[in-house]
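Peer 1: After the sequence you'll find the predicted model.
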Amino acid sequence: MKRRDFHWEGAAETAAAIRAWTAASAPSPDVRVIEREVREGGDGAVLCMTARFDATEQAPTTLRVPAGAGAEALAGLDAGLRESLELAAANVRAVAEAQIAAAPQTIELPQGQSVTVREVPVAAAGLYAPGGRAAYPSSVLMCAIPARVAGVERIALASPPRADGKVNPLVLAAAELCGIEEIYAMGGAQAIFALAHGTETIAPVDVIAGPGNAWVREAKRAVSGTVGIDSLAGPSELMLVAGDGTNPEWAALDLCAQAEHGAEGPLVAVAVEETVLESVAAATEKAAERDGIGDAPLALVQVPDLSDAIDLANAFAPEHLELFEEDAALLAERVTTAGCVFVGRYGATAFGDYVAGSNHVLPTGGAGRFSGPLGPGVFRRRIAAVQVPAGAAAKLAPHVDALARAEGFPVHGESAMIRR
């Protein structure tokens, strides 16, 4: 594990220094060639890349996973694992349902007109679940359940197949729990482009959501505007604020757990007391060596007081923030930018990754300053309906005419004035 101690220079300055130290040095992949091949070659291009990058032993002959594969996978799950998967799904669904607006909002305005704003779901969502060498059924739940709660009728799931050409049964089982029948064995940038632009087999979608590697992230960036996307999430990250009563072993396991996602994401330990910081650092380095974590970057920051620790968190905007303090609940109220805050020493990030009910698709790289967890809102859009009675038109038309002529659009003014 790579350790570095940062001297306190103020919240913004220290946060910037940590970001600079942990920033990925590799250039962003150029995905435009893949996009062109998918748009021009359709199914054939995606199948060719699937055989090249994923299904290296037994390439599939079709992208669409056969109907019934999800039900078969779910039926074959170990009973205990199925129970855990269903518990996670129920909790994620409960939190997602609480986020849906109850009814349209109608505003009556003084001149007599009214504006009604309502939310409607997008028609189709494309979800990406990482796969290949590993399986992430939890990501299927985190993406599919908010889409279902949002009211999306068509959900298409893409997940890279294993070397044998088949999608992992855990992914299929999670998809079955979420009622997803449209599943494609494809991954990487080509999967994102296929969902966005469509192929002979795949109808294009309206929104794409889900975590992925750098190729997936850059492909989502490329299609943003053609379709909606959830976010441009990068390597997983965790900031932990440790107090006097912090158990160093617990803190170490939490930090190392996030490092399991890869060595690129920043791990940050913050404390007022130097002895607390050193004990957490020592335990983390020991646990990393024992578990073969590798060269994950561990930043250590001693702050003057707890208020400064929260200021640092707000400046850094971590994906995950753990507060190991007695007054954690009060401190959490001051946090404004973290993707998800875990309050108190029992709130390990791992609970949020799987079963707590919160979503684990979160903003990274400081994006918590302007975005938040994946939720039903990603799959819904607002529509405004304007009703202008005759009396309101008479009152408003002169103002439209004045403003329109000032902007050089006289016909806009005539269009309003004729209704007086």
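Peer 2: All right, it came through fine.
Peer 1: how about stretch 368-376: buried residues?
Peer 2: 368, 371-376 (16 or more other Cβ atoms under 10 Å). C-beta coordinates here come from the backbone N, C-alpha and C atoms, glycine included.
Peer 1: swap that for stretch 54-62, please
Peer 2: Within stretch 54-62, the residues scored as buried using 16+ other Cβ under 10 Å are 54-55, 59-60.
Peer 1: Relative to Leu240, which of these is nearest.
Peer 2: Each of the buried residues of stretch 54-62 was scored against Leu240 by Cβ to Cβ, and Asp54 proved nearest at 35.3 Å.
Peer 1: Now do the phi/psi pair for the residue lying closest to that closest one once chain neighbours are set aside.
Peer 2: Leaving aside its chain neighbours, Asp54 sits nearest to Pro160 (4.4 Å; criterion: Cβ to Cβ, 6 or more residues apart in numbering). The phi/psi pair for Pro160 (degrees, to the nearest 10) reads phi -60, psi 140.
Peer 1: What is the burial count for Pro160?
Peer 2: Pro160 has 26 neighbours, counted by other Cβ atoms under 10 Å.
Peer 1: Among the buried residues of stretch 368-376, name the ones in helices.
Peer 2: Here DSSP state H is the test, and those give no hits in helices at all.
Peer 1: so which helix or strand takes in the closest residue to Leu240 other than its chain neighbours?
Peer 2: Leaving aside its sequence neighbours, Leu240 sits nearest to Glu322 (Cβ to Cβ, 6+ apart; 4.5 Å). Using DSSP states H and E, Glu322 sits within strand 320-324.
Peer 1: What residue, apart from its backbone neighbours, is nearest Asn91 spatially?
Peer 2: Gly357 (3.4 Å).
Peer 1: and if you look at Arg405?
Peer 2: Gly413 (5.3 Å).
Peer 1: State the distance from the residue nearest to Leu240 to Lys286.
Peer 2: Counting by Cβ to Cβ, to the nearest Å, the gap from Glu322 to Lys286 is 19 Å.
Peer 1: So for the two, which residue has more residues nearby?
Peer 2: Between Glu322 and Lys286, counting by other Cβ under 10 Å, Glu322 is the more crowded of the two (30 against 15).
Peer 1: So the more buried one sits against Glu237, correct?
Peer 2: No - with contacts counted by Cβ atoms under 8 Å, Glu322 stays clear of Glu237, the gap being 11.6 Å.
Peer 1: Which residues are in contact with the residue of the chain most remote from its centre?
Peer 2: Taking Cα atoms, centre = their mean, the residue of the chain most remote from its mean C-alpha position is Arg420, at 49.6 Å. Residues in contact with Arg420 (Cβ atoms under 8 Å, 6 or more residues apart in numbering) are 393-394, 397-398.
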